[in-house]
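J.: Here is a sequence together with a model predicted from it:
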Amino acid sequence: MKWGSVVVGKAVFALVVPLAAVGALLAAGAPAAESAPPRQSPIDVTASAIRFDPFAPALDIHYGHSAVDLVYVQKDADCGARGGEETEEGDVAPGSAYVTYAGTRYDLVQFHFHTPSEHTFQGHHDPLEMHLVHRSAAGGVLVVGVPLRIGAPSVVDSVLSGLTPECGTPRHLDDIDLNALLPASHLTARYTGSLTTAPFTEGVLWFLMPEQHVTAATVSGFQHLFTAGNSRGTQPLNGRTVVLHP
Ligand SMILES: [Zn+2]
């Protein structure tokens, strides 16, 4: 009978896998949540998942100017291997940019890039996606995600016009208008998810914005560095909704 083999299979699974899983959880520092379904990122934003809520708390953006150091984020010891979780990251001066949301201030720490986009809209990818990572004093994480599409040049092109090689010296940019990294429209699609690289910590507040534009040269330059891509695939919604706020 099939049923019997399933039970045996489950018993073996229960004995063997959790030991490894517990080790992984301890290593990742994740809570041992047993009943809650995963709330991971990125996701595919579908029309059926969206709820319009003009009364949701506003995301107030206070972005100034900052020097930016563009660093190559290395996740392995090999200066030639292009790991899927590696990226180019712009580090900003502390206090140069922050957002407030529901009474909490989150300071911009860094922004980085993925190809292709990690979030999709009705299954559609953009060539690049920018993540602006903010952190609160209490350690909360809020990420603004901006799809990057080929079009007119923007400040993002200035940042990505010269990429830092893996194991190379960071590229220093004297003055970047951080607000100009963002699209003109600050409409946001919000949901709660996770980091998209290890340790995939959950409880991350995601705010997805409309697209910003970059040149075709910027897109191809980044894709040339990460030829196999540096994006995580979309994760199940597991009943989450995406709140659209004007
Ligand atoms: Zn990211």
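T.: Now that the structure is in, tell me what you want to look at. A quick note: this is a predicted structure, and the numbers were derived from the prediction, not measured. Numbers count the residues shown, from 1 in each chain.
J.: so where do the helices sit in the protein?
T.: Taking DSSP state H as the criterion, the chain carries its helices at 2-28, 155-160, 216-225.
J.: so who does the residue most central in space within the chain touch?
T.: For the chain, His131 is the residue whose C-alpha lies nearest the centre (Cα atoms, centre = their mean; 4.9 Å). By Cβ atoms under 8 Å, 6 or more residues apart in numbering, the contact set of His131 is 111-114, 118, 143-146, 196. C-betas here are computed from N, CA, C, even on glycine.
J.: between those, which is nearest Leu225?
T.: Phe113 (9.8 Å; Cβ to Cβ).
J.: worst average pLDDT in the helices of the chain?
T.: Across the helices of the chain, helix 2-28 has the smallest mean pLDDT, namely a mean of 37.
J.: Domains in the chain, by residue range?
T.: Domain assignment for the chain by automatic domain parsing gives 1-29, 44-245.
J.: between the ones you listed, which one is nearest to Ser35?
T.: Nearest of these to Ser35, taken as Cβ to Cβ: domain 44-245 at 12.1 Å.
J.: gap between the two ends of that closest one?
T.: 18 Å (Cα to Cα, to the nearest Å).
J.: same deal with stretch 163-174?
T.: Stretch 163-174: ends 15 Å apart by Cα to Cα.
J.: now swap in stretch 152-164 and tell me
T.: Start-to-end, stretch 152-164 (Cα to Cα) is 23 Å.
J.: Name the residues that touch that stretch?
T.: 68, 70-72, 88, 90, 113, 130, 148, 170-171, 173, 176-177, 180-181, 212-215, 217-218, 221-222, 225.
J.: pLDDT below threshold where in the chain?
T.: 1-34 (pLDDT under 70).
J.: switch to 80 and redo it
T.: The model of the chain has pLDDT under 80 over residues 1-35.
J.: Quick check: the gap between Arg232 and Glu85.
T.: 8 Å (Cβ to Cβ, to the nearest Å).
J.: Quickly list what's touching both of these two.
T.: Thr197.
J.: of those two, who's got more company?
T.: Arg232 (18 against 15; other Cβ atoms under 10 Å).
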